[in-house]
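> Quick one, what's the 3D model for this:
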Amino acid sequence: MPNDDGGVEAAARVLDDEGPAWTVLEPAEQTMPLVFASPHSGIRYSRAFIAASRLDPIALRRSEDAFIDEVFADAVSLGAPLLKANFPRAYVDPNREPYELDPAMFDSPLPAYVNTNSPRVQAGLGTVARVITSGEEIYSGKLNFAEVRRRIDRLYFPYHAALGRLVEATRERFGVCLLIDCHSMPSVGGPMDADPGLRRVDTVLGDRFGTACAPGVTDAAEAALGRLGFSVCRNVPYAGGYTTKHYGQPRKRVHALQIEINRALYMDEQTVTPTPGLAVMRARMRDLIASFGHLDLDILRAA
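Here you go, the predicted structure:
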């Protein structure tokens, strides 16, 4: 770990307080029935979290979907809002249930309402993760549940309140809403993944195997990505997390689609720094976003 605050600041934005849970970037006028969300690109690391971790800031940052908010930033100029979490995924993960926690991480028994047995918890990647995506343990000691509950109350719930408002406002305005949950993935499957050691495709579309989004939307996204030169898989190794499952309710005319982008296409995964591919990726995602603007809304209404 760097020995002075300047070195730490260079690795992650370290603040004494976590600051606002979220930022929403809104167009002057919303012209598309879409909402974009970036839950894993936050970089506001508190000093207390850095001190409690056995890992250096760069190792912690490798769990981020770094720069994904920039990759999809043109959604705003094209007429759709973009919500981004400001807190890091390694601190609180909003793409989980509110309380998916590993009891082995805590210094006392957890309340009965905590989900301690989900596959995410078993992998060490609950609402408050035990490990980063490489499998390395985050904390040097046990956690206190009251402190973790404060994290969740302060960050997780406000983020989802903001996302819920955007989704509902969009549905009220257009009669339908398509939520695009924006993510990135390591270029090689990690030890906690279903594809350890395997090279990955360029993009993965997750629609919970057709339950969270009208098939026509996923078809259109796959075709658009193909035209842009990307290889595409559906639902493997990522079918969509809590956000896709919770908000994707086609019968209520709310659809959710998760998009994963291979990090090697736009960043150095070890140093967590952008490459020239970032500008290329942003331009291509602008084209993808624009293609969503041409969707036949009957596809969304008929589900």
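> close enough to count as contact, residue 20 and residue 84?
No - with contact defined as CB atoms under 8 Å, residue 20 does not count as touching residue 84 (10.7 Å). To be clear about C-beta, it is placed using only N, CA and C from the backbone, and glycine gets the same treatment.
> Comparing these two, which residue is more hemmed in?
The neighbour count for residue 20 versus residue 84, taken as other CB atoms under 10 Å, is higher for residue 84 (22 against 14).
> That one belongs to a strand?
Yes - under DSSP: H, G, I helix; E, B strand; the rest coil, residue 84 sits within a strand.
> For it, which residues count as its bridge partners?
residue 23, residue 38 (DSSP bridges).
> Next up, the contacts around it.
Residue 84 makes contact with 22-25, 37-39, 41-42, 69, according to CB atoms under 8 Å, 6 or more residues apart in numbering.
> How about the helix or strand where residue 233 lies, which residues are buried there?
Residue 233 belongs to strand 232-234 when assigned by DSSP states H and E. Across strand 232-234, burial judged by 16 or more other CB atoms under 10 Å covers 232-234.
> do the same with stretch 200-211
For stretch 200-211, by 16+ other CB under 10 Å, it's 200, 202-208.
> returning to what we had before: and the strand holding residue 233, what does it pack onto?
Contacts defined by 3 or more CB pairs under 8 Å, 6 or more residues apart in numbering; DSSP states H and E place strand 232-234 against strand 203-206, helix 215-227.
> Redo the ones you listed as a markdown table? Include mean pLDDT.
Formatted as a markdown table, those follow (pLDDT from 0 to 100):
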| stretch | mean pLDDT |
| --- | --- |
| strand 203-206 | 98 |
| helix 215-227 | 97 |
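> Pick the most deeply packed of the ones you listed.
The highest average neighbour count among the helices and strands packed on strand 232-234, using mean count of other CB atoms under 10 Å, belongs to strand 203-206 at a mean of 24.
> Check which helices and strands it is in contact with.
helix 215-227, strand 232-234, strand 254-262.
> Looking at these, which is nearest to residue 30?
With CB to CB as the measure, strand 254-262 is the member of those nearest residue 30 (15.4 Å).
> Need the CA coordinates for that closest one. PDB is fine.
Below are the C-alpha coordinates for strand 254-262, written out as PDB (Å, rounded to 0.1, in the frame of the first residue of the first chain):
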ATOM      1  CA  VAL A 254     -40.600  -2.800 -17.200                       C
ATOM      2  CA  HIS A 255     -37.800  -4.700 -18.900                       C
ATOM      3  CA  ALA A 256     -34.200  -5.100 -17.600                       C
ATOM      4  CA  LEU A 257     -31.100  -6.100 -19.600                       C
ATOM      5  CA  GLN A 258     -27.600  -6.500 -18.200                       C
ATOM      6  CA  ILE A 259     -24.700  -5.700 -20.500                       C
ATOM      7  CA  GLU A 260     -21.200  -6.900 -19.600                       C
ATOM      8  CA  ILE A 261     -18.200  -5.600 -21.500                       C
ATOM      9  CA  ASN A 262     -14.800  -7.400 -21.600                       C
END
